[in-house]
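> What follows is a predicted protein model with its sequence.
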Amino acid sequence: MFKQFKEFAFKGNLIDMAVGIIIGGAFATVVKSLVGDVIMPAVGSVVGDIDFTKMKHVVTPGSPAKEAVKDADGNVTTAAVAAVEEVAIKYGSFITELISFIMLALVVFIVVKKVMAAFEKEEEEKPEETPKQEVLLEEIRDALKK
């Protein structure tokens, strides 16, 4: 079982795939930054100075934490209350991520299409080798004709 795993893990295709995944992750980070830091601010300014990161629908508003405060007599004037986080639907972030995904999918599609075209072209350029048996048989045939 260990031998089979070793053969599987160290095949050229698997290592190529791992390198592709790592480069793809780095590329996704670059595309996400491009969309979030360059494209969306430009789109927001064209649409009317909209900051997509702040676009949201608040379902439940949050409240800050309050602490107990003692006055000069030692009486507590404010009860301790834990902070409540805001519950919101952040559709602006969703729009940004959706655009990022579409751009990444488009680039991956173009790259895969170009790679597949290069492989097809390489296969077309290869001259078909005649099997050795056929070459030998053709030589025998030609010798018999003479």
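Received it, and whenever you're ready, just let me know what you need. These numbers come from a predicted model, not from an experiment. Residues are numbered from 1 along each chain as shown.
> where does the protein dip in pLDDT?
In the predicted model, the chain carries pLDDT under 70 at residues 9-12, 67-72, 74-82, 125-127.
> Confirm that residue 58 lies within a helix, as I assumed.
No. When DSSP: H, G, I helix; E, B strand; the rest coil is applied, residue 58 is found to be strand, with no helix at that position.
> can you offset everything so residue one is 50?
Sure thing, new numbering starts at 50, so read that last one as residue 107.
> so where does residue 79 fall, helix or strand?
With elements taken from DSSP states H and E, the one containing residue 79 is helix 61-82.
> Keeping just the C-alphas, turn the following helix or strand past that helix into PDB.
Proceeding N to C from helix 61-82, the next assigned helix or strand is helix 89-96, under DSSP H and E. Extracted as PDB, the C-alpha positions of helix 89-96 are listed here (Å, rounded to 0.1, in the frame of the first residue of the first chain):
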ATOM      1  CA  MET A  89     -14.800  48.500  -7.100                       C
ATOM      2  CA  PRO A  90     -13.600  51.900  -5.900                       C
ATOM      3  CA  ALA A  91     -13.600  53.100  -9.600                       C
ATOM      4  CA  VAL A  92     -17.100  51.600 -10.200                       C
ATOM      5  CA  GLY A  93     -18.300  53.200  -6.900                       C
ATOM      6  CA  SER A  94     -17.100  56.600  -8.000                       C
ATOM      7  CA  VAL A  95     -18.700  56.300 -11.400                       C
ATOM      8  CA  VAL A  96     -22.000  55.200 -10.000                       C
END
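> what's the spacing between helix 89-96 and its chain's center?
A distance of 23 Å separates the C-alpha centroid of helix 89-96 from that of its chain, computed with CA atoms, centre = their mean, to the nearest Å.
> What are the buried residues along that helix?
Of the residues in helix 89-96, those buried by neighbour count under the rule 16 or more other CB atoms under 10 Å are 89, 93. Just so you know, the C-beta spots here come from the backbone N, C-alpha and C atoms, and that holds for glycine as well.
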